[in-house]
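Novice: Predicted coordinates and the sequence they were generated for:
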Amino acid sequence: MTSSTVLPKSTPGKLNFVLVCIFIDMLGIGLIVPVLPLLVGQFVPSRDDQALWFGVLGSTFGVLQFLFMPALGALSDRVGRRPVLLYSMAGMCLNFLVTAWAPTLFWLFVGRIIGGMSSASMSVAAAYASDISTKENRAKSFGKIGAAFGLGFICGPVLGGLLGNTDLHLPFYVAAALGAANLVYGYFLVPESLAPGKRPPFAWSRLNPLAALLRLARRQDIRGLLVAITLVTFGQMMLQSTWVLYTTFRFDWTPRDNGIALFCVGLVSAVVQAGLLAVLIRRFGEVRLSLLGITSGAFAFLGYGLATQGWMMYALILCNVLSFAAGPALQAIVSKSTPADQQGELMGSLQSISSLGVIVTPLIGTAILARVSHLPSGDWRLGSHFFLCAAMQACAVLVAWLYFRTHRVHDSHDEHHSVNA
């Protein structure tokens, strides 16, 4: 089979290359998480500058991703999945190489810009999986993609932390090598999935990254839930963008320490969402599970900000099980409120909230952390950004509770009990 051959749905092992691509991409991205904030610190004179510039760096990546992801998705519909996937793989590899080599802060920004312009592998790989899957096994294919994504991000941070303890640049070289292997694999073994006859004409209207957010804004029937989802999402993303700097400033953690902690986060998330979620929904139902999960997250954020010793962070991660179920529970409720023929549009629109969070939350979280970075490590004010996250979760609980009081929601817990009765 040549690389230009269109892959039929009946081809054995047709999904394997998608899973390999996503796993390697997520492994490479996870590798750099524990070390990139510390690498920024090598180019600036103070902690507050380190926090501020890392926030700008993260937001820059988010802006480019927000602008280019819909464009690359639309382009893949026109020219095929394979060339866009290869472009994405090459771009991420170059991003890691430039970051590893960067002699100044300016070149770190060049690397992040290249990465943001190239980060389409997840969405295009999902489209590829849809092309080669039948209606009956499409959900199963997406489940495997989610598992590959999660596994890569579980393994990446701990490996990056161990490598970063030796040299802060080493994880980026390893990530670049993985990206190059991914590119070679894709070039020689990845066939096209989209037949030429199924490619729609290119439309400029599909390049508008704000269109998905505007569609959500028109959904008055679920507006309260969308506000709650946004607050929950922004709180989680603020944690992700400040975790390494905060633990370094407060507990003097090394990349290894952060790699292990992030591994624990990924592991708990995977266990809950892959193993316990169905049990929790049967026990509580989506409504109560979402409220309990957001409340658990609020207390966890408060604990992160008040923790006085590093081991407390691990304990809070392991005790915060319910919060990892809140997002899927809210998503399930919103999904049940949406017609079947609009599910794809809904999920894409919900993803746009995350894309917006990638832009906004690094700037806010790191700006707060920069203001308190000069304080002694034992000062409770170092956790100020986590207190903001806790406040957002508390507001999300209130908004969701008010929505559930005034709207009739189909709840799996009620359905389960009515069936048993």
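Specialist: Here it is on my side, so go on.
Novice: Only C-alpha atoms from now on, for both contacts and neighbour counts.
Specialist: Fine.
Novice: Output the below-cut-off pLDDT ranges for the stretch 1-150 of the chain.
Specialist: Within the stretch 1-150 of the chain, the stretches with pLDDT under 70 are 1-14, 120-123, 126, 130, 132-143, 146.
Novice: Do you have the helices of it handy? List them.
Specialist: 16-32, 36-41, 47-79, 81-101, 105-118, 121-132, 138-166 (DSSP state H, counting those that start in this stretch).
Novice: Which residue, other than its chain neighbours, is closest to the most centrally placed residue in the chain?
Specialist: In the chain, the centroid-proximal residue (CA atoms, centre = their mean) is residue 354; its distance is 7.5 Å. In space, and not counting its chain neighbours, residue 354 is closest to residue 233: 6.6 Å by CA to CA, 6 or more residues apart in numbering.
Novice: contacting residues around that neighbour?
Specialist: Residues in contact with residue 233 (CA atoms under 8 Å, 6 or more residues apart in numbering) are 353-354, 357.
Novice: Can you tell me which of these is nearest residue 276?
Specialist: Distance to residue 276, by CA to CA, is smallest for residue 354 among the contacts of residue 233, at 23.9 Å.
Novice: now whichever strand or helix holds the residue nearest to the centre of the chain against helix 47-79, angle please.
Specialist: When secondary structure is defined by DSSP states H and E, residue 354 falls within helix 343-372. Here helix 343-372 runs at 160 degrees with respect to helix 47-79, directions being taken by axes from the mean of the first three to the mean of the last three CA atoms, to 10 degrees.
Novice: and the following helix or strand past helix 343-372, C-alpha only, in CSV?
Specialist: The helix or strand immediately downstream of helix 343-372 is helix 384-406, counting by DSSP H and E. Extracted C-alpha coordinates of helix 384-406, given in CSV (Å, rounded to 0.1, in the frame of the first residue of the first chain):
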residue,chain,number,x,y,z
SER,A,384,-3.6,33.4,45.9
HIS,A,385,-4.2,32.1,42.4
PHE,A,386,-5.5,28.8,43.8
PHE,A,387,-7.9,30.8,46.0
LEU,A,388,-9.2,32.4,42.8
CYS,A,389,-9.7,28.9,41.3
ALA,A,390,-11.6,27.8,44.4
ALA,A,391,-13.8,30.9,44.1
MET,A,392,-14.5,30.0,40.5
GLN,A,393,-15.5,26.5,41.5
ALA,A,394,-17.8,27.8,44.2
CYS,A,395,-19.5,30.1,41.7
ALA,A,396,-19.8,27.1,39.3
VAL,A,397,-21.6,25.1,42.0
LEU,A,398,-24.0,27.9,42.7
VAL,A,399,-24.8,28.5,39.0
ALA,A,400,-25.2,24.8,38.3
TRP,A,401,-27.4,24.3,41.4
LEU,A,402,-29.7,27.2,40.4
TYR,A,403,-29.9,25.8,36.9
PHE,A,404,-30.9,22.4,38.2
ARG,A,405,-33.6,24.0,40.5
THR,A,406,-35.2,25.7,37.6
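Novice: Mind giving me the packing neighbours of helix 384-406?
Specialist: helix 223-251, helix 277-306, helix 343-372 (3 or more CA pairs under 8 Å, 6 or more residues apart in numbering; DSSP states H and E).
Novice: try 6 Å
Specialist: Other elements packing on helix 384-406 under the criterion 3 or more CA pairs under 6 Å, 6 or more residues apart in numbering; DSSP states H and E are helix 223-251, helix 277-306.
Novice: Include mean pLDDT and distance to residue 388 when you put those into JSON lines, please.
Specialist: Compiled in JSON lines, the helices and strands packed on helix 384-406 are given as follows (pLDDT from 0 to 100; distance: least, CA to CA, whole Å):
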{"stretch": "helix 223-251", "mean pLDDT": "92", "distance to residue 388": "8"}
{"stretch": "helix 277-306", "mean pLDDT": "92", "distance to residue 388": "9"}
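Novice: sorry, back to before: list the buried ones in the helix holding residue 354?
Specialist: Across helix 343-372, burial judged by 16 or more other CA atoms under 10 Å covers 346, 349-350, 352-372.
Novice: now stretch 311-331
Specialist: For stretch 311-331, by 16+ other CA under 10 Å, it's 313-314, 316-317, 320-331.
Novice: I'd like to know which of those are part of helices.
Specialist: Using DSSP state H, the members of the buried residues of stretch 311-331 that fall in helices are 313-314, 316-317, 323-331.
Novice: Would you mind putting these into TSV with distance to residue 192 and pLDDT alongside?
Specialist: TSV is the format used below for these (distance: CA to CA, whole Å; pLDDT from 0 to 100):
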residue	distance to residue 192	pLDDT
313	46	95
314	44	94
316	46	95
317	42	93
323	39	90
324	36	88
325	36	87
326	37	88
327	34	84
328	32	82
329	36	85
330	36	86
331	32	80
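Novice: For the residue nearest to residue 354, give its distance to residue 284.
Specialist: Distance, residue 233 to residue 284, by CA to CA, to the nearest Å: 22 Å.
Novice: cool, residue 257 as well?
Specialist: Distance, residue 257 to residue 284, using CA to CA: 35 Å.
Novice: ok, now residue 37?
Specialist: 39 Å.
Novice: more neighbours, these two?
Specialist: More neighbours surround residue 37 than the other of residue 37 and residue 284, with 24 against 16 (other CA atoms under 10 Å).
Novice: got the contact list for the more buried one?
Specialist: By CA atoms under 6 Å, 6 or more residues apart in numbering, the contact list for residue 37 is empty.
Novice: how many neighbours does residue 25 have?
Specialist: By other CA under 10 Å, 29 other residues sit near residue 25.
Novice: For the closest residue to it other than its chain neighbours, pull up the helix or strand it's in.
Specialist: In this structure, residue 25 finds its nearest non-sequential neighbour in residue 179, 6.8 Å apart by CA to CA, 6+ apart. For residue 179, the element it lies in under DSSP H and E is helix 170-189.
Novice: so how far is that helix from its chain's centroid?
Specialist: 21 Å (CA atoms, centre = their mean, to the nearest Å).
Novice: got the CA positions of that helix in CSV?
Specialist: Taking Å, rounded to 0.1, in the frame of the first residue of the first chain, the C-alpha atoms of helix 170-189 are listed here in CSV:
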residue,chain,number,x,y,z
LEU,A,170,17.2,17.0,27.5
PRO,A,171,13.4,16.5,27.6
PHE,A,172,13.0,18.8,24.5
TYR,A,173,15.6,16.8,22.5
VAL,A,174,13.9,13.6,23.4
ALA,A,175,10.5,15.1,22.5
ALA,A,176,12.0,16.2,19.1
ALA,A,177,13.4,12.7,18.5
LEU,A,178,9.9,11.2,19.2
GLY,A,179,8.4,13.8,16.9
ALA,A,180,10.8,12.9,14.1
ALA,A,181,10.0,9.2,14.6
ASN,A,182,6.4,10.1,14.4
LEU,A,183,7.0,12.0,11.1
VAL,A,184,8.9,9.2,9.5
TYR,A,185,6.3,6.7,10.6
GLY,A,186,3.5,8.9,9.2
TYR,A,187,5.3,9.6,5.9
PHE,A,188,6.1,5.9,5.0
LEU,A,189,3.1,4.1,6.6
